[in-house]
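Trainee: okay, here's the prediction I keep looking at, along with the sequence it came from:
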Amino acid sequence: MTLSDPVVIWAAIGLFLILAEIILPGGIVILLGAACLVVSSFLWAGFVEGIAQSMTLWFITSIILMLLFRGFTQKMIGGDAHVDNTDEAIDVYGQLAVVVETIGPGEHQGRINFQGSDWPAVADGSEIGAGESVRIICQQNIAYVVEPDIGDDTELEPSE
């Protein structure tokens, strides 16, 4: 057996992929590597010849291993299963902002500074002067609906 022998090449790729699972956790790469080892053993036994049969066997074996053992490898090896909130309206509710352009009276739109950017804002009809602190209620189209911050017992910090 030489380094150009397909048995050695498939085995080397398989071992590389299995070891790559250490760097790329998730349970998929190890199964692809195991499929390479299956192809290598079939080539060595003489059941498969040529690149077309080898690739076909690898694809089929990979799919079968994924279907059979994906859940098991997920539990054993794990991976990144972090889920973030995708609803921005929930994230901004109750946050503090600073008025940069007077809001109101009535439906007159002003501007607030929130998270380092200026945004259009409306209030409940009262006038809120520039420099005052406001609490965000919700977002209406691109404008935020705000109310004056009365400084109650909240632990939220102004967003800058």
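Mentor: All right, it came through fine. Bear in mind the structure is a predicted one, so any value in this text is a computation, not a measurement.

Trainee: quick check: which ranges of the chain have low pLDDT?
Mentor: Within the chain, the ranges that satisfy pLDDT under 70 run 1, 77-89, 152-160.

Trainee: give me that answer again for 50
Mentor: 155-156, 158-160 (pLDDT under 50).

Trainee: now the helices for it?
Mentor: Along the chain, counting by DSSP state H, helices occupy 6-20, 29-45, 50-77, 88-92.

Trainee: who are the packing partners of the strand ranked longest in the chain?
Mentor: Using DSSP state E, we find that the single longest strand of the chain is strand 133-140. Counting contacts by 3 or more CB pairs under 8 Å, 6 or more residues apart in numbering; DSSP states H and E, the secondary-structure elements packed against strand 133-140 are helix 88-92, strand 96-101, strand 143-148. C-beta coordinates here come from the backbone N, C-alpha and C atoms, glycine included.

Trainee: for Ile18, which of these is the nearest?
Mentor: With CB to CB as the measure, helix 88-92 is the member of the helices and strands packed on strand 133-140 nearest Ile18 (40.7 Å).
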